[in-house]
Structures are given as structure tokens and as C-alpha cells.
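Peer 1: My questions concern the predicted model and sequence given below.
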Amino acid sequence: MNSDAASVAAPAQPAIRLGLMWTVLFTILRTWLIYSLPALPQSGFPALGVRLLAHGLIALGLWLGLENTALTPEQRRATWLVVMVPFTLWAALAWTAAINGAFRTGASSLPLLPAAILLPVIVGTPVLMLSKRVGQLLDAMPTTWLIALQVYRIFGSQWLAYWLRGVLPGVWALPAGAGDVLTGLFAVPVAIALAAGTAEERKGAIFWNIFGLADFAVAIALGMAMSPGPFQLIVPDGPSMAIDTFPNVLTPAFVVPSSILLHALSLRQLRRRSRVETYESPRCLRTAAPRRS
């Protein structure tokens, strides 16, 4: 690590510890509230507040990132609308379907909940990973934004609270809840560390993204294997899976696929940034080398 990177990393350490401490305290408080007041999450208002906040931050971050690109004002507006209009319609469709009970077990002969999880990822990932316009946006956007945004994953602590109350089986709630909480807890510290711009912090950010994706892979696989339906392989002893009703079903139906896409975007951004720095480093060395007389 060079002296510039060390000077940036040193003052970042207290910020990392402070951010982690406050996030842990907030997570503990929210878990206790859900455990003590089960009617609170069932009302749907906390879920609505979190989704509106995340939606607003995505819209704002997208606009600010576009302003740093070389696109014309018309191109920036068109790009913002091309992203935000389908994203908003997707959120509204998932919310409406959840309220109307479309994802309930037996409500349809089609596996609507697995489709709601997988189809947006299957359709959206190639578009986001191959689009040149998205690449321009990622190059203009700080790498910390897409990571810090997923601090909302701490709200997965609700699964742990439900397990403590005996509502969900621990076989699913423990790995899914703990994975979500750990991903959310370390989102801000990883983002703060990544601001130093060193290769070590970038590797840490890549590992964080992989961990977040692995958490979803485990939660989705276990959820499908334990939920009543054509994919059920495990019948848990004790409480059965009960996340197919509003508002809990919004997590697998919308939050999970949208978070997977955020992870994919972050990994693409980190890879692009690494390639640029690898390309520019030899050029800087050649420029700085003294010429022979």
C-alpha cells in the first residue's frame, strides 16, 4: 500500500467502526420491535417505507450518476426514464400481486413466486451486463454507491425474529436471516473502505458481493425446497414456511431479484474500474520515467 492509500485508509478506520456500531444497534432494535410487536411488520407500513426509501435513493443515484457522464441532457433524461419507468412498474406490479394474494400457495397452477424471483434476473442481468450506456453510467458513478445502498439488507433480521417467535422454521430462517443481516451490516463499512481505492479494498468489495449473492442462492434454494408446491423436497418439523402472503412475500417477489441485479451491477463496475486502472498504470509509469539524454 502506498503512502496516499495509507493516508486515506487511516482516518477511514474510525468511520468504519462507527458505521458498523450504529448499524448493529439499529438492527438489534428493529429485531426486538418485530419480536415484541408482531402487528408492526404485518401492517405493511415498514415494508412500504423501506421500499419507497430504496426506490428514491436508486432514482436519485441514477440521476446523479448520469450527470457525471458525457451524455447530452436529452440522453440523460431518456436513460433515466428507460431505467426508472420499468423498475417502477415492476415494483407496482409485485406490490399489487402481493396484496391481491397472487403469490399464495394454491392461488394459481403456475409457480408465480419462483417466476417472480427468477424471471427479472434472467431478463435483466444480460441487459445490465452488456449495455454500453449502463457501462458509461457505472464508470461515472462512485463504486461505493451500489454497495452502501444495500444496507437495507439488515431488515432481513425479521426472519430471525419470526424464528424466535416460532413462526418460521430455523432451517430456513437462520441461514437466510443471518446472511441478510451480515450483508447489510458490512455494506457501509465495505463502502467506506472501498473509498480508499486500493486493490485490497476492491477485493473485499468483490467478496462482499459474492457473499450477498451466495446468501440469496441458499435462501432461494431452501425456500423452494421447503415451501408447499411442486418444488417441495423438505417438510419441516414444527412451523411451516409462511412467506407467501403480504407483506412478507414482497421480499422474495421483488427485493431479492432487485438486490441480485444490484450485486451484478456492482461486480461489473468493480471489474471495469480495475481494468481501467490496470491499463492506465503502465502509461503513468512510462510518462513518469526520466528520458535518457
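Peer 2: It's in.

Peer 1: who are the neighbours in contact with the spatially most central residue of the chain?
Peer 2: Computing the C-alpha centroid of the chain and ranking residues by C-alpha atoms, centre = their mean puts Ser259 first, at 3.4 Å. Shown in contact with Ser259 (C-beta atoms under 8 Å, 6 or more residues apart in numbering): 150, 153, 212, 216. For glycine as for every other residue, the C-beta is placed from the backbone atoms N, C-alpha and C.

Peer 1: The last one: helix or strand, and which one exactly?
Peer 2: Using DSSP states H and E, the element containing Phe216 is helix 199-226.

Peer 1: Compute the distance from the centre of that helix to the centre of its chain.
Peer 2: 10 Å (C-alpha atoms, centre = their mean, to the nearest Å).

Peer 1: buried sites along that helix?
Peer 2: 201-202, 204-206, 208-209, 212-213, 215-216, 219-220, 222-226 (16 or more other C-beta atoms under 10 Å).

Peer 1: For it, name the packing helices and strands.
Peer 2: helix 143-148, helix 170-185, helix 187-194, helix 256-288 (3 or more C-beta pairs under 8 Å, 6 or more residues apart in numbering; DSSP states H and E).

Peer 1: just how off-centre is stretch 45-60 within its chain?
Peer 2: Counting by C-alpha atoms, centre = their mean, stretch 45-60 comes out at 13 Å from the chain centroid.

Peer 1: report the angle between the axes of the helix holding Phe216 and helix 170-185?
Peer 2: Counting by axes from the mean of the first three to the mean of the last three C-alpha atoms, to 10 degrees, helix 199-226 lies at 150 degrees to helix 170-185.

Peer 1: residues of the helix or strand harbouring Pro126 that come out buried?
Peer 2: Element membership for Pro126 (DSSP H and E) is helix 112-130. For helix 112-130, the buried set under the neighbour-count rule, 16+ other C-beta under 10 Å, comprises 112-114, 116-118, 120-121, 124-125, 128.

Peer 1: List just the nearest of those to Asn68.
Peer 2: Leu128 (18.5 Å; C-beta to C-beta).

Peer 1: so where is the stretch 51-200 of the chain shaky, pLDDT-wise?
Peer 2: Scanning the stretch 51-200 of the chain for pLDDT under 70 picks out no residues.

Peer 1: Now find how far off-centre stretch 224-238 is within its chain.
Peer 2: The answer for stretch 224-238 is 26 Å, by C-alpha atoms, centre = their mean.

Peer 1: quick one on the thing from earlier: report the angle between the helix holding Phe216 and helix 112-130.
Peer 2: Going by the same axes, to 10 degrees, helix 199-226 makes 160 degrees with helix 112-130.

Peer 1: Could you point out the helix or strand that follows helix 199-226?
Peer 2: Counting by DSSP H and E, what follows helix 199-226 is helix 250.
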